[in-house]
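*Asks:* Got a predicted model here, sequence first, then my questions.
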Amino acid sequence: MAAFDYDIIIAGSGPAGVSTWLHLHKLHPDLAARTLVLEKASHPRPKLCGGGVMRAADTVLGLLRIRIQVPSVPVHNAEFRYHGRRFYWRQKNFFRVVRRHQFDAALVAAALQRGMPLHQQEALLRFELLEDGIQVYTARGSYRTRVLVGADGANSVVRAGMRLREPHRMARLIEVLTPTEPTRAYEFTTHTAVFDFAGVDEGLQGYIWDFPCLENGSAYINRGIYDSRYYPQRERADLKRLFRAGLEARNAYDATQSWQGHPERWFDPRATLSQPHILLVGDAAGVDPLAGEGISFALGYGAVAAEELVDAFRREDFRFEGYRERILTHPLGRALRQRRLMAAACYRGWPRVLLTMFFIAMGLRWR
Ligand SMILES: Cc1cc2nc3c(=O)[nH]c(=O)nc-3n(C[C@H](O)[C@H](O)[C@H](O)COP(=O)(O)OP(=O)(O)OC[C@H]3O[C@@H](n4cnc5c(N)ncnc54)[C@H](O)[C@@H]3O)c2cc1C
């Protein structure tokens, strides 16, 4: 057998992939040095996202002694709207709103400073399972590795290559940035993020959000619609119609502006999270089905995956049979399961419990 080119290849340098490498570097620097991170784009790369970074994300990064300082808007009030009523969760620095291309580029820069081997503009195209590892084929060549980590997002090529026959578990999201006047806009003057559940009555298993944000120094509202599709058997909400109605109600509809959409995979404790020589993290594995929060969870996956990887190399056992249990018993897995239970209750179609559950869930901390 030919030697391995790398011990580990991580596909994707979003929060999940970079966090996996950073935690490896913390636990086992030699292993981290023999790890390659592949990225199909080049940072700063576009990433559709509301940019809401919860404090749990900064806690994970803080334990790695990393502080991501990018332009952001602090949110001290979350306003939940439903049936003409407004409910508030007030907490100083509840979360901050960033632009993801900047946040992710800064995270990558911090990892590069620590020596992360990164090949940008080199997409993983496919892979083959070998007896003792994985042959990875990229846009530029091919590598032999012991372990492949799928950190390549909701449309993961790694997950697709695992040929799983499982339910879809995909949320759908649409987003648009609308310019605003920060001295007058309610979201800016009161540091408020809005979560509007009006669409629940029309089959939406989610909400419309309005987050204040900064792009190139100018003020915008990041607006989007989140449909968890937690119950796929329920009739699908007409996302475009609901989103347009939401924008019109806010005097923010602009027919010349194009919207962008992207899916998000949500966590199910029964879903496949690994195969021999393969681990999934972040959106490739599944994040929060309730609110669609994924950044802090993606970062959290990195900590769990790195522990699993270090253990596997210590034992020379790459079946990863304990990975699911490691996730489920970690605070990350407990929080994901709580969010899943809340999503199950909220999106079943019992509106009266919805906001209570949402409040409770958003107040739950996993760190
Ligand atoms: C519209 C929208 C709004 C959202 N808003 C929020 C929010 O406000 N707060 C929040 O916490 N979460 C939010 N999320 C969820 C959050 O964006 C994701 O959960 C998070 O980005 C997951 O991180 P990740 O590292 O797993 O994947 P990603 O961030 O998607 O990173 C994957 C990386 O892999 C790279 N890649 C993909 N394919 C390949 C390949 N074949 N080879 C090599 N590299 C590859 C990509 O270029 C990318 O850099 C939102 C999601 C969407 C779609």
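*Replies:* That came in fine, so what should we check first? Numbering: from 1, shown residues only.
*Asks:* Check the offset of the longest strand along the chain from the chain's centre.
*Replies:* Ranked by residue count under DSSP state E, the longest strand found in the chain is strand 85-97. On the basis of Cα atoms, centre = their mean, to the nearest Å, strand 85-97 sits 20 Å off its chain's mean C-alpha point.
*Asks:* Give me the next element, helix or strand, following it.
*Replies:* Next helix or strand after strand 85-97 toward the C-terminus (DSSP states H and E): helix 100-113.
*Asks:* Packing partners of that next one?
*Replies:* helix 15-27, strand 118-119 (3 or more Cβ pairs under 8 Å, 6 or more residues apart in numbering; DSSP states H and E). In this view, the C-beta of every residue, glycine as well, is placed from N, C-alpha and C.
*Asks:* So it, near the ligand or not?
*Replies:* No - figure legend: helix 100-113 not in contact with the ligand (Cβ under 6 Å from any ligand atom); closest approach 6.7 Å.
*Asks:* got the angle for that helix vs strand 85-97?
*Replies:* Here helix 100-113 runs at an angle of 40 degrees relative to strand 85-97 (axes from the mean of the first three to the mean of the last three Cα atoms, to 10 degrees).
*Asks:* before we move on, the earlier item: most packed of the helices and strands packed on helix 100-113?
*Replies:* helix 15-27 (a mean of 27; mean count of other Cβ atoms under 10 Å).
*Asks:* that older thread, output the longest strand of the chain as PDB - backbone C-alpha positions only.
*Replies:* The C-alpha coordinates for strand 85-97 follow below in PDB (Å, rounded to 0.1, in the frame of the first residue of the first chain):
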ATOM      1  CA  ARG A  85     -48.800  40.600  19.600                       C
ATOM      2  CA  ARG A  86     -45.200  41.300  20.400                       C
ATOM      3  CA  PHE A  87     -43.100  39.500  23.000                       C
ATOM      4  CA  TYR A  88     -39.500  40.400  24.000                       C
ATOM      5  CA  TRP A  89     -36.400  38.700  25.100                       C
ATOM      6  CA  ARG A  90     -34.100  41.400  26.500                       C
ATOM      7  CA  GLN A  91     -30.500  40.500  27.200                       C
ATOM      8  CA  LYS A  92     -27.400  42.700  26.700                       C
ATOM      9  CA  ASN A  93     -25.400  41.300  23.800                       C
ATOM     10  CA  PHE A  94     -27.900  38.500  23.200                       C
ATOM     11  CA  PHE A  95     -26.100  38.000  19.900                       C
ATOM     12  CA  ARG A  96     -24.300  40.100  17.300                       C
ATOM     13  CA  VAL A  97     -25.000  40.300  13.600                       C
END
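*Asks:* Next, see if that strand gets close to the ligand.
*Replies:* No - Strand 85-97 lies out of reach of the ligand by Cβ under 6 Å from any ligand atom, never closer than 7.4 Å.
*Asks:* Let me see the mean pLDDT of that strand.
*Replies:* Model confidence over strand 85-97, given as mean pLDDT, is 92.
*Asks:* which residues touch the residue nearest the centre of the chain?
*Replies:* The chain has residue 294 as the residue nearest its centroid, 2.8 Å off, counting by Cα atoms, centre = their mean. For residue 294, the contact set (Cβ atoms under 8 Å, 6 or more residues apart in numbering) comprises 264, 282, 283, 287, 288.
*Asks:* element containing the residue lying closest to the last one once chain neighbours are set aside, please.
*Replies:* Ranked by Cβ to Cβ, 6 or more residues apart in numbering and with sequence neighbours excluded, the top spatial neighbour of residue 288 is residue 339, at 4.4 Å. The secondary structure element spanning residue 339 is helix 331-346 (assigned by DSSP H and E).
*Asks:* by contact count, what packs against that helix?
*Replies:* helix 295-315, helix 323-329, helix 351-363.
*Asks:* on that earlier part again, so which of the helices and strands packed on helix 100-113 is nearest the ligand?
*Replies:* helix 15-27 (3.4 Å; Cβ to the nearest ligand atom).
*Asks:* show me where pLDDT drops low in this structure?
*Replies:* 1-2, 350-367 (pLDDT under 70).
*Asks:* Show me what from it comes close to the ligand.
*Replies:* 11-17, 38-41, 45, 47-52, 123-124, 151-153, 157, 173, 175, 224, 262, 264, 282-283, 287, 292-296, 298.
*Asks:* when you check those against the strands, which ones overlap?
*Replies:* Per DSSP E, the subset of the residues of the chain next to the ligand in strands is 11, 38, 52, 124, 173, 175, 224, 262, 264.
*Asks:* Show me which of those residues is closest to residue 182.
*Replies:* Comparing these against residue 182 with Cβ to Cβ places residue 52 closest, at 17.9 Å.
*Asks:* now the closest one: how far from residue 286?
*Replies:* Relative to residue 286, residue 52 is positioned 18 Å away (Cβ to Cβ, to the nearest Å).
*Asks:* Same question for residue 196.
*Replies:* Distance from residue 196 to residue 286, by Cβ to Cβ: 25 Å.
*Asks:* Also residue 268?
*Replies:* Taking Cβ to Cβ, one finds residue 268 at 6 Å from residue 286.
*Asks:* neighbour-wise, which of the two wins?
*Replies:* More crowded of residue 268 and residue 286, by other Cβ atoms under 10 Å: residue 286, with 27 against 17.
*Asks:* Can you report phi and psi for that one?
*Replies:* phi 140, psi 130 (degrees, to the nearest 10).
*Asks:* tally of neighbours for residue 56?
*Replies:* So residue 56, with other Cβ under 10 Å, has 22 neighbours.
*Asks:* Surely residue 77 and residue 193 touch.
*Replies:* Yes - taking contacts as Cβ atoms under 8 Å, residue 77 lies within contact range of residue 193: 7.3 Å.
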